[in-house]
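> next comes the sequence, and after it the predicted model I'd like to discuss.
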Amino acid sequence: MGAAEAAGSALLTGVAGWLFVGFALLILGTAIAVVWSKNPVHSALFLLASFLLVACVFILEEAEFVGAVQILVYAGGIMVLFLFVIMLVHQRTAAGTPAFQHQWDIALLLLPVFLIPFLYILGTEKFTDIARNPDAFRAVAGRVIGNTEAVSWLMFRDYLLPFEVASVFLLVAMIGAVVLGKRSFEKVD
Amino acid sequence: MTDEKLSQAERDEAAYFAERAAAAGVGRPLSQGDTPPAPGEPPTLFDVQEMELNFGPQHPSTHGVLRIVLKVDGEKILEAIPDVGFLHRGTEKLFETETYPMGIPHTDRMDYVAAATNNHAFCLTIEKLLDVEVPRRAQLVRVILDELQRLSSHLVWLGTSGIDLGAVTPFWYAFREREQILDFFEEYCGARLTLNCMRIGGLPFDLTTGWVERLLEFVDDLPARIDDYEQLLTDNRIWKRRTVGIGVLTAAECVEYGLTGPLIRASGIEWDLRRAQPYECYDELDFAVPTRQNGDTYDRYIVRVQEMRQSVRILRQCLDRLEPGEIRGKVPRVIKPPAEEIYASIESPKGELGFYCVSNGSNRPYRMHCRPPSFINLQALPKMAKGHLISDLVALIGTIDIVLGEVDR
Amino acid sequence: MAEEITPPAATGAKEVAKPKLVATDAASHPWVMSLSAGVPGAVVASKTFAGQVTVTVAREKIADVARHLKQAEDFAYCVDVTAVDWKERAPRFDVVYHFYSFSKNDRIRVKCGAADGEDVPSIARVYLAANWCERETFDMFGIRFSGHPDLRRILTWEGFHGHPLRKDFPLEGIDTGAAIYPEEWPEGGGPGASDPNRKVVS
Amino acid sequence: MKILTPTFLTYVKVLLIVAVVPAIVGFVIVLAERRIMGFMQVRLGPNRVGPKGTLQGLADLLKLVTKEDVTPARAEKFVHFLAPVLAVIPALTALAVIPMGPSIRLARHVSTPLWVADINIGLLFLLAITSIGVYGIILGGWASNNKYSMLGGLRSAAQLVSYEVPMGLSLVAVLLMTRSLSLVEIVMRQDRMQLWFVFPGLLSFFLYFVSGVAETNRNPFDLPEAESELVSGFNTEYSGVKFAFFFLGEYAAMIIISCVAVTVFFGGWLPPFGHVKALSFLHIVPPFLWFLAKVGFFIFCYIWFRSTFPRYRFDQLMALGWKWMIPLSLVNIVIVALAILWTPGRTDGLVRLGWLFGALFLLMFFLAKLRQALARRDRLASEPAGTRQSALKA
């Protein structure tokens, strides 16, 4: 944990800084590889690598809880289901299907729509402050207690309503998935 | 005669049976390959994918070289087409080229886990053709050998079908007892599996000294051992979930498919050749024919286990009645039966095992045909497997209790 | 179904006059009479031997005979279908059927002659059990069953030439063209290939 | 003693885990499994290589290492290679946070705890890392280009994802009592509370261990490699060292599941009833051995299950997971939370909860036995008469 302690003082200095840069580049590389790969299973594997690297960055920044959850939920849960679906898909059929290339133009149009707000948020006061105040995500009411606790305080007290709303959304999505899946299952019989 | 010449009623009936046969998975060509997608509609990524899976011929749970072509959706079996014949050795052809007594060792190789019953059925057929009376002692010893063989065959079935469902331990227990039974065979006739232990008109040898006493000891021990197997399986919840309601056959279906043995008895028909058409001295023995009503894999299991207990009972009675005496009937040195035809059958551990013999008056059978229970029983597999999962197919192969040597002959 | 334990029906040699078993005509047997009445012109001959009734019927009528036996006479269970090759005889083959009745607790044997190349009506639609038996008979004797839902070879493989249980099929086997290691086992295959007395039929 | 710096000791401990665990797996657990199963199945088990067969593991290892490494012709070569690696590395990594004992003294001023790292999200880290292990199986099944392997991979994907949920939820209930994710802290707290968490967390423990057995693909949940159905499932096409890696991964996962069960529910390295005066002699045994003995017991349970149970069917396994285990673990969380709310900061509420669970389990056990006995009676009654007594030999 020595490296992580050093990272506390400043975001992009020292060993931790170099590690961060390395991880970030790797994340970018794997993310590009996800889109680039012809084989859907390889794409999924690169996405998995990307998730794991993101988790590494989280842990590097002493957000262990988020890092662990990132692995547990995305790598251990969601990606497994992705792979499950991809493997069920007939490889020959998948190879013959046009792999979504016709969406190029739309993607290009949509890119600024998402990129500009994202950059704007990154540029706001709150986030530039982090480099100077590394405890911002570890403190509750001015007291530094650790990332896990801080996250739980935020989630279950400060933002309880949005949290619950999000979970209701997920529930709806889940029920929808069950209904859709059920219908296609009956078609088999 | 083509279908056009049939009357309306016959055509209706033919359509009915064709539909039934199709429902049972009979009659689709084997090498159809992947089902082509409907014309004009390109396959999408999320279409239901039908996969063709070769189950066997080399597979841990096909109990020999049986190939089953499966059409599966995920793990659900849409269609199962058995493909047999990998062990075909032309036994029926061999019978024709050798004298009557020389045919007996060939029968050993058919149902190789129950050789004694094969010998018995073969000898019984020729004896019937010759009209030979088998001496009483020979009859009793034959019944003893039959029942021992039934026990050992059921033990093999119990062990292997347990392993098929992941229960490894009963296998070792069952094979411990089977080894002892094989020891008895070995002591009697020198062989453990391919026994060749009966002759036309009687037996080749008399029992060795002490054999009966040792067998009595073993038989006294056996019910407790059977309790052991039941302890592991009968009330086991997982075992029940894996077997109850799997591969249900109604009594009518059993008759329609010609199923015999424990399969038909588990569906509620109390039919056992030992009782229905007694041979040797079965008519004077006191035993029950266990039946169950549901006709699923669990009931077939129960029926077989109860049959083992009945076999113990029969063994005790036979051993009790055994008295010194002749072991061979009056059989001519050269066996030349009249130029006639005969069919005789016995209740083998798997079902009705029959031989159809056509003689032309010479010392060799002109035609010797075997009615193998495994072969006929296996026909019901497509019907039983349809709609079940791959895991159940394994249970179903186990529950039919096939021996590929007998299926393919 | 056979529910009661009844004394064994007339099977075995006990009822027939000793010392020698002889075949007797069975034209007056109730089943044969029922068949003659139910399927006119079907019964060609009939006999009883060792308590077993054998009826020889016309080849074209066999499906009707089976249907009649199943429905009118309650022979619900088809035990077996096989054939006998008589080689020199006029209709070369006998196709032999065994049926069993649970209520009568007895069997009947039905035979029909078939010349080489003649089709025999299939009974696989009357008895599902006959399906594989007829396939086996086809495989072993080359007798075609018309109207069979799935008449393929069953014990030998698809592409096998010949029918092993015909009397003119050599016991040594034939060259199947399936030599796997030709340098080891030359054409005509099999471990006995080096035997000079070996008969090979191609 | 300059050489015994904490960093150096950490390296030594890491090395020990990487080297010792495979050895334990190869020589102790595999031999124990085969001998114990042999004992249960009235046979001997390995008894030829070395004294009493103790070197059988070495022989097996040599065989696996020297065996030809076959990659199927149309397999995905890289993924085929990656899969066994993915199966084994997470399992070994996870061992780093397992506390196997308190600090031991190596020299006069040097002592080191028997764990590599005590991170404050220890349990979460464990769950996260072990959840990566599933990729080994899925990818191995997929990359082999074999339909049976593929089915095995699909089975395991569904199975492992499903059973991770009840496993996590069952641990959540215990976390309410531990108030910490650090495994060391969990053991310390059990020491302070003078209460092993298995008592108030009886239900949690059962849920955890059952899903743990399912997570490690062991009987009766060994569907991904069910040899009688899928030949050998996901590892059908693997041989040599790659197969050895899968093998090691499975056994290391077993060790981890057992270690977590011991740490979270059975007081880690603490001796049983260590606070009872009369039993204070139990402290003579080194804590590490207590830990080892407890882990050994759970490994024994694995072996015991394997020789006792038939295998579940896939849909039944899923039904068990989703329809029983997950709802039950949610209910369990509520019950434990209520018990803690009832008496905040005190242990007596938890103790009462323990008694409640204990009584319930006993009741259910006897009900099940009763039901079984009744079923047996009915079955015997339906059996043909005179089956059980010998008419003639009386």
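Perfect, I can see it now.
> for chain A, what lies in contact range of chain D?
Along chain A, the residues adjacent to chain D under the rule C-beta under 8 Å from any C-beta of the partner chain are A:1, A:39, A:41-42, A:45, A:48, A:52, A:55, A:64-65, A:68-69, A:71-72, A:75-77, A:80-81, A:83-84, A:87-88, A:146, A:148. C-beta: built from backbone N, CA, C; applies to glycine.
> buried only: go through those for me.
For the residues of chain A next to chain D, a burial check counting by 16 or more other C-beta atoms under 10 Å in any protein chain shown picks out A:41-42, A:45, A:48, A:52, A:55, A:64-65, A:68-69, A:71-72, A:75-77, A:80, A:83-84, A:87, A:146, A:148.
> select from the residues you listed every entry located in helices.
A:41-42, A:45, A:48, A:52, A:55, A:64-65, A:68-69, A:80, A:83-84, A:87, A:148 (DSSP state H).
> which of these sits closest to B:I68?
When these are ranked by distance to B:I68 (C-beta to C-beta), A:M87 comes first, at 23.9 Å.
> please report how far the closest one lies from chain B.
Distance, A:M87 to chain B, by C-beta to the nearest C-beta, to the nearest Å: 11 Å.
> that residue: what's it in contact with?
Shown here is A:M87, whose contacts under the criterion C-beta atoms under 8 Å, 6 or more residues apart in numbering or on different chains are A:V41, D:I138, D:W142, D:M150, D:G153, D:L154, D:A157.
> so is the helix or strand of chain C with the lowest mean pLDDT next to chain B?
Per-element confidence for chain C was summarised using mean pLDDT, DSSP states H and E. The lowest value among helices and strands belongs to strand C:24-25, with a mean of 79. No. Using C-beta under 8 Å from any C-beta, no contact is recorded between strand C:24-25 and chain B, whose separation bottoms out at 11.6 Å.
> contacts for that strand?
Identification of contacts with strand C:24-25 by C-beta under 8 Å, 6+ apart yields C:S46, C:K47, C:T48, C:F49.
> C:R67 belongs to a helix?
Yes. Assessed by DSSP: H, G, I helix; E, B strand; the rest coil, C:R67 belongs to a helix.
> pLDDT at it, what is it?
Per-residue confidence for C:R67 comes out at a pLDDT of 86.
> over to C:E187?
Residue-level pLDDT assigned to C:E187 equals 52.
> up against chain C, what does the stretch 201-350 of chain B have?
Proximity of the stretch 201-350 of chain B to chain C, by C-beta under 8 Å from any C-beta, involves residues B:251, B:255-259, B:269-271, B:275-279, B:283, B:338, B:340-343, B:345.
> which of these are buried?
Buried residues within those, counting neighbours by 16+ other C-beta under 10 Å: B:251, B:255-259, B:269-271, B:275-279, B:338, B:340-343, B:345.
> give me the subset of those that lies in helices.
Within these, residues falling in helices by DSSP H are B:A251, B:V255, B:E256, B:R275, B:A276.
> which one of the residues you listed sits closest to D:A252?
Scanning these for proximity to D:A252, where the rule is C-beta to C-beta, the winner is B:A251, at 52.9 Å.
> which stretches in the stretch 201-350 of chain B count as strands?
For the stretch 201-350 of chain B, the strands defined by DSSP state E, counting those that start in this stretch occupy B:341-348.
> what parts of it come near chain D?
The interface of the stretch 201-350 of chain B toward chain D, taken as C-beta under 8 Å from any C-beta, is made up of B:216, B:220, B:223, B:232-236, B:238-239, B:241-242, B:286, B:288-290, B:302, B:306, B:309-310, B:313, B:316-317, B:320.
> picking that back up, beyond the least confident helix or strand of chain C, next helix or strand please.
Proceeding N to C from strand C:24-25, the next assigned helix or strand is helix C:30-38, under DSSP states H and E.
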